[in-house]
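**Q** Show me the folded form of this:
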Amino acid sequence: MHDSFRSAFPALQRLHKGEPLIYLDGPGGTQVPEAVIKACSDYYRTSNANTHGQFITAQETDHILDDTRLACSEFLGAAGPHTISFGQNMTTINFSLSRAMARTWQPGDEVLITQLDHEANRGPWLALREQGIVVREVRLLPEGRLDYEDLQSKLSDRTRLLAMGYSSNFMGTINDVALARKLTHQVGAWLLLDAVHYAPHYPLNVQAIDCDFLLCSAYKFYGPHIGVLYARPGLLDRLPLDRLRTAPQEAPYSIETGTLNHSALAGVGATLDFLASYGEGQNRREQLVSAMDRIQQHEAGLFAHLYHGLEAIPGCTIVGTGLDEAQRAPTLALRIANQHPTEICRILGEANIMAWDGHFYALRAAEVLGLRAVGGVTRLGISAYTTQEEIDRVLDVIHRIATGHKIEA
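**A** Predicted coordinates for the structure are as follows:
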């Protein structure tokens, strides 16, 4: 992405100890452009009100929420704003969905989850065991991908739902969603996708994917902390969701408990307008797809450089040996011989490089791969504002960590 993209982010202009900061922490949340910050603050300055009032600020709030719902539907390639619901975060929405779905199921009905997923797409379903729902896991193979033969063997006419990630926030693995959709159709099960880690990097088209539910989080694609749910038309209306009798009883509002975070939603709308401004097309959907294509191409080139550069460093091991860079979102996990991930990230932090250590709530994956007991991994993630010079700096610092050389300021 060109310089005007980076210049839109105030955080990227910050200096620490006289040097710029390098943000490879995007998988935990990206930085935010000035236009988004302004939209959030402008809402409080001019339009702060609750919805559905017979006065200007309430009407402005209604308009902001309606346009943000429409923008999200365009971002996801959905049929329209009636398919988009908002929540505090993806985890909260998923708990609401799981409780509602369980009310329509019987003891002995089955849910299939994976060992690769973030706990936000495991915990809500595992909790249903208390109600007699059978929850089974798809195995994670040592090379870093799911065992699709295991997936197929565990699907049956008792399976009501497959909950899986689109890509892994732990090591970047992109899952075979097309195969998952084909197999779930064969047994009549719903497919719910956690796209929190996928949505910031690739264009999405939920109608082409043909999923039943898809969740993502705006703070992973340059926006505020808001969870977004796509539900296939008609599905939310079939679910006995937790809701007040004074709340709307129909989709997309029926899962939205209480007053929404209006200023953050103003920011989400501004985020998608900001992204669309870097694409081309006759409408916002076309512009968003174009922009996400550009982001994907930019990130892919940098990720290949990072991936192969790390491969060449003695003592540095990229987790998931069976996956090359093309099979991952632009995120990877690494280990350095005899170095604890927390210490690696501390040294990186002293060099103004932001990176995460641990398991990042993909706890089961860390356990299965034998990494939980040794502190997890160091995770590096590329975002649309990452540059070639930053990757070169990161590779230099990691090479020095791995070879025991002094880190130069």
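**Q** Break the chain into its domains for me.
**A** Domain ranges of the chain: 3-30+284-400, 38-276, per automatic domain parsing.
**Q** and the end-to-end length of the first one?
**A** When you say that, I think you mean domain 3-30+284-400. Taking C-alpha to C-alpha, to the nearest Å, domain 3-30+284-400 runs 29 Å from one end to the other.
**Q** before we move on, what about the last one?
**A** Distance between the boundary residues of domain 38-276 (C-alpha to C-alpha) amounts to 17 Å.
**Q** Show me how far that domain is from its chain's centre.
**A** Computed by C-alpha atoms, centre = their mean, to the nearest Å, the chain-centroid distance of domain 38-276 equals 10 Å.
**Q** Output the domains of the chain in TSV; the columns should cover mean neighbour count and distance to residue 406.
**A** Quick note: C-beta positions are derived from backbone N, CA and C, even for glycine. Output for the domains of the chain, formatted as TSV (neighbours: other C-beta atoms under 10 Å; distance: least, C-beta to C-beta, whole Å):
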stretch	mean neighbour count	distance to residue 406
domain 3-30+284-400	19	7
domain 38-276	19	30
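**Q** Output the ones you listed as a markdown table; include the columns distance to residue 407 and mean pLDDT.
**A** Formatted as a markdown table, those follow (distance: least, C-beta to C-beta, whole Å; pLDDT from 0 to 100):
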| stretch | distance to residue 407 | mean pLDDT |
| --- | --- | --- |
| domain 3-30+284-400 | 5 | 97 |
| domain 38-276 | 25 | 98 |
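**Q** residues contacting residue 108?
**A** Listed by C-beta atoms under 8 Å, 6 or more residues apart in numbering, the contact set of residue 108 reads 132, 134, 158.
**Q** switch the cut-off to 10 Å
**A** 132-134, 158 (C-beta atoms under 10 Å, 6 or more residues apart in numbering).
**Q** cool, residue 158 as well?
**A** 105-106, 108-111, 134, 136, 187, 189.
**Q** Now, these that are in strands?
**A** 110-111, 134, 136 (DSSP state E).
**Q** what packs against the longest helix seen in the chain?
**A** Determined from DSSP state H, the single longest helix within the chain is helix 284-311. Identification of packing neighbours for helix 284-311 by 3 or more C-beta pairs under 10 Å, 6 or more residues apart in numbering; DSSP states H and E yields helix 3-7, helix 56-76, helix 262-276, strand 316-318, strand 331-336, strand 377-381, helix 388-403.
**Q** coming back round to it: can I get the contacts of residue 158 in JSON lines including distance to residue 368?
**A** As requested, the contacts of residue 158 are arranged in JSON lines below (distance: C-beta to C-beta, whole Å):
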{"residue": "105", "distance to residue 368": "27"}
{"residue": "106", "distance to residue 368": "30"}
{"residue": "108", "distance to residue 368": "26"}
{"residue": "109", "distance to residue 368": "25"}
{"residue": "110", "distance to residue 368": "21"}
{"residue": "111", "distance to residue 368": "19"}
{"residue": "134", "distance to residue 368": "20"}
{"residue": "136", "distance to residue 368": "15"}
{"residue": "187", "distance to residue 368": "25"}
{"residue": "189", "distance to residue 368": "23"}
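**Q** Out of those residues, flag the one nearest to residue 126.
**A** Nearest to residue 126, judged by C-beta to C-beta, of those is residue 111 at 8.8 Å.
**Q** what's the distance between that closest one and residue 264?
**A** 31 Å (C-beta to C-beta, to the nearest Å).
**Q** Can you tell me which residue is spatially central in the protein?
**A** The C-alpha lying nearest the average C-alpha coordinate of the chain belongs to residue 196 (C-alpha atoms, centre = their mean; 1.6 Å).
**Q** Please export the C-alpha coordinates of stretch 320-339 as PDB.
**A** The C-alpha trace of stretch 320-339 is given here as PDB (Å, rounded to 0.1, in the frame of the first residue of the first chain):
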ATOM      1  CA  GLY A 320       3.500 -25.800  11.200                       C
ATOM      2  CA  THR A 321       6.200 -27.400   9.100                       C
ATOM      3  CA  GLY A 322       3.700 -28.700   6.600                       C
ATOM      4  CA  LEU A 323       2.500 -25.300   5.500                       C
ATOM      5  CA  ASP A 324       4.200 -22.900   3.200                       C
ATOM      6  CA  GLU A 325       3.500 -19.100   3.200                       C
ATOM      7  CA  ALA A 326       0.800 -19.500   0.500                       C
ATOM      8  CA  GLN A 327      -1.300 -21.700   2.800                       C
ATOM      9  CA  ARG A 328      -1.400 -19.100   5.600                       C
ATOM     10  CA  ALA A 329      -2.900 -15.800   6.200                       C
ATOM     11  CA  PRO A 330       0.100 -13.400   6.700                       C
ATOM     12  CA  THR A 331       0.700 -14.600  10.200                       C
ATOM     13  CA  LEU A 332       3.200 -17.100  11.600                       C
ATOM     14  CA  ALA A 333       4.300 -18.600  14.900                       C
ATOM     15  CA  LEU A 334       8.000 -19.200  15.600                       C
ATOM     16  CA  ARG A 335      10.300 -20.700  18.200                       C
ATOM     17  CA  ILE A 336      14.000 -19.900  18.700                       C
ATOM     18  CA  ALA A 337      16.100 -22.600  20.200                       C
ATOM     19  CA  ASN A 338      16.700 -22.200  24.000                       C
ATOM     20  CA  GLN A 339      14.800 -18.900  24.000                       C
END
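**Q** any idea which of the contacts of residue 158 is closest to residue 307?
**A** Out of the contacts of residue 158, the member with the shortest distance to residue 307 (by C-beta to C-beta) is residue 136, at 32.9 Å.
**Q** That closest one bridge partners, please.
**A** When assigned by DSSP bridges, residue 136 has beta-bridge partners residue 112.
**Q** how far away is it from residue 377?
**A** 26 Å.
**Q** As a markdown table, the helices and strands packed on helix 284-311 with distance to residue 44 would be great.
**A** A markdown table is the format used below for those (distance: least, C-beta to C-beta, whole Å):
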| stretch | distance to residue 44 |
| --- | --- |
| helix 3-7 | 25 |
| helix 56-76 | 11 |
| helix 262-276 | 6 |
| strand 316-318 | 44 |
| strand 331-336 | 34 |
| strand 377-381 | 31 |
| helix 388-403 | 34 |
